Structure formats: C-alpha cells, structure tokens
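1. I would like to see how this sequence folds:
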Amino acid sequence: MKIRISEVVSRIPRSGIRDFFEIVQSMQDVISLGIGEPDFATPWNIREAAIHSLERGRTGYTSNLGLPKFRRAISTYIKEHFGVSYEPLSEVLVSVGVSEALDIALRALLNPGDEVLYHEPCYVSYSPSIVLAGGVARAIPTKWEDNFVLKAVDVEKAITSRTRVLMLNFPTNPSGATISAEELERIAAVCVKHNLVVLTDEIYSELTYDGVLHHSIAAQPGMKARTVLLHGLSKAFAMTGWRIGFACGPAEIIEAMMKIHQYAILCAPTMGQEAGIEALERGATAVAAMRREYEMRRNVIVRSLNNMGLECFKPRGAFYVFPKVSSTGLSGRDFSMRLLKEYQVAVVPGDAFGATCGEHVRCSYATSLDQIKIAMARMAEFVNSLKS
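-> Numbers count the residues shown, from 1 in each chain. Have a look, this model is predicted:
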C-alpha cells in the first residue's frame, strides 16, 4: 500500500530547533543554552494545589471552556496586569498551552487564502500554524538596529487586500525584544484602519527587566473588540509540562474557538487548571524571585558575548539573547554546529527563527548561572580559535 500524506503537511519543514536538538541529545556532556524552558521547578504551592485536587478526586472533565473558577482567576489577573476586562464565562477559554490557543484562533478566523502577517525573527511554529489553518503566512522582517521591534509603518506596507490577521509576540522569542505603548498605539491605529484582527502572544509578559513595563495591544482604545490575547503559565510560573494556556477575546471569537477545542481536545487537564488558580492568585512572589535571577543571568551572558566580540544588545524581556556571529566569518548554523561538536555548547542557529536571521544564534539564559559561565568560557575559547 502506498501511503499518501497531505500535501500541506508534506510541504511544512520540520522544526529547526527540534532537528538541531536531535543532534544534541546524541552527545554527552553538552551545556545547553538552547531550549526555552525554565530550569526552575514549579513552585511548591502550585504543585501542592494539583496534588490536593487529586486527593479530592477532581479527575473528571471540566467545561470545554475550562473551570469557571479558573476563568474568573484569569479574568481578574488580566485586568490587574494588562488593564483589560474580560467576562470570565464568555470571553475566556482555557487551552492546552498557548500553542493550542494559537492554532484554534487561526482556524476560527481564517478562510483559505487569507493572509496573516507576523514579525520575524519569531517562534518557529507561527508560519506552520498559519499554513495548517489554510492561511498564507507573510513575514515582516524586523531590524537589528531597531532591537527587533516591529514598526507600524512596516505593518502598513505589508498589508494587502487579502490580509486578515496580524500576529504579535512581545516580549519576543528569540530576541527578547519589547515594545513601547507608543508604538503599539501606532500599530493599533493601522489595525483599525485596515480592519485587522490581532492575535497577541504574551507568554513572556511577566519577564521584563530594567524597570520596563509590559503593554498589551488589547488595552489600546478600540482594540479589545478585535484582539485575541493569548497567555499561559509555562514561562513565568515554570509550568511548561503542565500545558495550561488561555485565550481572552470577543465572545464570538471565543465561541468559534471553543467549537474546535471541544471536538479536538475537549478540555485542558483538570489538575493543571486547579494548579493554575493557585499560580494566578498566589504565585507573584515566586515569579518575582525567578525574574530577578533571569535578569542577573542576562547581564552576565550579554557582557560575556560582547567581551568576546559578538555583538549583542541587552534584551529587556523573555530569557533569550540573539547575538550576531558574522564577525567570526561563520553563519549562525555553521557557528552552532562547530560550537556544539568542538566545545560541547548548544545554541540554536538563527535561521530556525526566520530566513533573515542567518547571521545570528539564540542563547537561552533559562539555565543555571554556573552553567552559563562555563558555556561562555567555552564559547570565548571557540571564538578566539577562529581568529588564529
């Protein structure tokens, strides 16, 4: 029998990150600055909430939209931290991570051939998610000299008669870029002018540094009605494996997303939702402690990279740096492969995050400071060896 795979799926490349880490996992004694996963365990009070829910036998399905108590906690948290009010029972949906929320939002909004704009460099799943939803993915390159901040003027230049959705991600993976309220205001005006829906992935919103405040486009005048705010517990609360995300948006969009969610997923894990209540209501102290540690690590890694001659601006969000390596005479991919094989340090080639990013690599500082220092010493030795 000849197996026929969907042409759409066949055309989608494998994740550049996952392919690279297949190689990493085959090696020993590698220090990884690659995977964007907190090295902290989920805070104990959050784990305890999940344990307690199991002890009480809370092991059944929830509403497709999620536990009402969790949705109320989400609504309260978003109002306090983002300045936007959502009706918890009709404008909030609990998903299996932000990845599922993004997928079902795209599928709920797009007709075949609709264009979706997104800024690059970006998380590796954005373009494939758009294509799998029947859309046309169109990247807007951002610039090194702008610290990879998306500009409203570039958004407007990219809009065509087929453009339906703009996707945002600030703070950004892989660059750590943040965006000002003033630039968001200008982007919001473009979206209103051209009747665009915005999907804004704000999974790193709690992780900002140097006193930078996070701003959501959903809080801009006129934008709540055309924005789906995507967030979750993975990054700030060190809950990657729990797979708990959520979407907040207009009731008609949330209802459409729920239709897909109920047939494909049914509901997010009950124990994870119970833990999510504890995280949102009583997790702030742990988040603040983790954020301080990330900021210290960021300072060390940025200083080290610049000292070895690799240009790296100081990101003000997330837990990544995105240095240029072109001064070594190597592409980001060649740099990453040689660094891994010769010095046992794993970083991610920049071209995994967009075709325009070939002279960069991504380093995550979601690993211990001791490991970062060893990795930086090895990387400096590697860079120096290229000069001889």
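2. domains for the protein, by residue range?
-> According to automatic domain parsing, the chain is divided into the following domains: 7-42+285-387, 45-283.
3. Adding distance to Met1, write those out as CSV.
-> C-beta here means a position set from N, CA and C on the backbone, and glycine is covered the same way. Output for these, formatted as CSV (distance: least, CB to CB, whole Å):
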stretch, distance to Met1
domain 7-42+285-387, 17
domain 45-283, 25
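4. most packed of these?
-> Between the domains of the chain, domain 45-283 has the highest mean count of neighbours, a mean of 20, where neighbours are mean count of other CB atoms under 10 Å.
5. what residues does stretch 256-273 touch?
-> Stretch 256-273 is contacted from outside by 50, 53-54, 58-67, 70, 93-96, 100-101, 104-105, 107-109, 228, 239, 242-245, 247, using CB atoms under 8 Å, 6 or more residues apart in numbering.
6. now do stretch 290-308
-> Taking CB under 8 Å, 6+ apart as the criterion, the residues outside stretch 290-308 that touch it are 38, 40, 176, 206-210, 236, 238, 312-315, 319, 321, 323, 363, 365-367, 369, 372-373, 376, 379-380, 383-384.
7. what about Ile140, which SS state?
-> Going by DSSP: H, G, I helix; E, B strand; the rest coil, the secondary structure assigned to Ile140 is strand.
8. bridging residues for it?
-> Judged by DSSP bridges, the bridge partners of Ile140 are His119.
9. before we move on, the earlier item: return the subset of the contacts of stretch 256-273 lying in strands.
-> The members of the contacts of stretch 256-273 that map onto strands under DSSP state E are Leu93, Val94, Ser95, Val228, Gly245, Ala247.
10. which of those lies closest to Ala137?
-> Among the ones in strands among the contacts of stretch 256-273, Val228 lies closest to Ala137 (CB to CB), at 17.4 Å.
11. which residues does the residue lying closest to that closest one once chain neighbours are set aside contact?
-> Among residues not flanking Val228 along the chain, Gly249 sits closest, at 3.7 Å (CB to CB, 6 or more residues apart in numbering). With contacts defined as CB under 8 Å, 6+ apart, the neighbours of Gly249 are Tyr86, Glu91, Ala105, Thr227, Val228, Leu229.
12. With pLDDT and distance to Pro141 as added columns, please give these in CSV.
-> Output for the contacts of Gly249, formatted as CSV (pLDDT from 0 to 100; distance: CB to CB, whole Å):
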residue, pLDDT, distance to Pro141
Tyr86, 98, 33
Glu91, 98, 33
Ala105, 98, 24
Thr227, 98, 23
Val228, 98, 24
Leu229, 98, 25
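13. Just flag the most distant two among the residues you listed.
-> Largest separation among the contacts of Gly249 by CB to CB: Tyr86 and Ala105, giving 14.8 Å.
14. Could I get the full set of helices for the stretch 201-350 of the chain?
-> Listed in chain order, the helices found in the stretch 201-350 of the chain under DSSP state H, counting those that start in this stretch are 251-264, 270-282, 284-307, 332-343.
15. any chance of those in TSV, plus distance to Asp201?
-> Formatted as TSV, the helices of the stretch 201-350 of the chain follow (distance: least, CB to CB, whole Å):
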stretch	distance to Asp201
helix 251-264	15
helix 270-282	18
helix 284-307	18
helix 332-343	23
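16. who wins for proximity to Ser180 among the ones you listed?
-> Ser180 lies closest to helix 284-307 among those, at 19.5 Å (CB to CB).
17. got the angle between the closest one and helix 270-282?
-> On the basis of axes from the mean of the first three to the mean of the last three CA atoms, to 10 degrees, helix 284-307 is oriented at 90 degrees to helix 270-282.
18. quick one: average pLDDT of helix 284-307?
-> Regarding helix 284-307, the rounded mean pLDDT is 98.
19. Just the C-alphas of it, formatted as CSV.
-> These are the backbone C-alpha positions of helix 284-307, laid out as CSV (Å, rounded to 0.1, in the frame of the first residue of the first chain):
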residue,chain,number,x,y,z
ALA,A,284,3.6,36.5,42.3
THR,A,285,6.4,36.1,44.9
ALA,A,286,7.9,33.1,43.1
VAL,A,287,7.6,34.9,39.8
ALA,A,288,9.4,37.9,41.1
ALA,A,289,12.3,35.8,42.5
MET,A,290,12.7,33.9,39.2
ARG,A,291,12.6,37.2,37.3
ARG,A,292,15.5,38.6,39.4
GLU,A,293,17.5,35.5,38.7
TYR,A,294,16.9,35.8,35.0
GLU,A,295,17.9,39.4,35.0
MET,A,296,21.2,38.6,36.7
ARG,A,297,21.9,35.8,34.2
ARG,A,298,21.1,38.1,31.3
ASN,A,299,23.6,40.7,32.5
VAL,A,300,26.3,38.0,32.7
ILE,A,301,25.6,36.5,29.3
VAL,A,302,25.3,39.8,27.4
ARG,A,303,28.5,41.1,28.9
SER,A,304,30.3,37.9,28.1
LEU,A,305,29.2,37.9,24.5
ASN,A,306,30.1,41.5,23.9
ASN,A,307,33.5,40.9,25.5
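20. How far away from the center of its chain is it?
-> The offset between the C-alpha centroid of helix 284-307 and the centroid of the whole chain comes to 18 Å, using CA atoms, centre = their mean, to the nearest Å.
21. if we can go back for a sec, separation between the residue nearest to Val228 and Glu91?
-> Counting by CB to CB, to the nearest Å, the separation of Gly249 from Glu91 is 6 Å.
22. do Ala286 as well
-> Distance from Ala286 to Glu91, counting by CB to CB: 28 Å.
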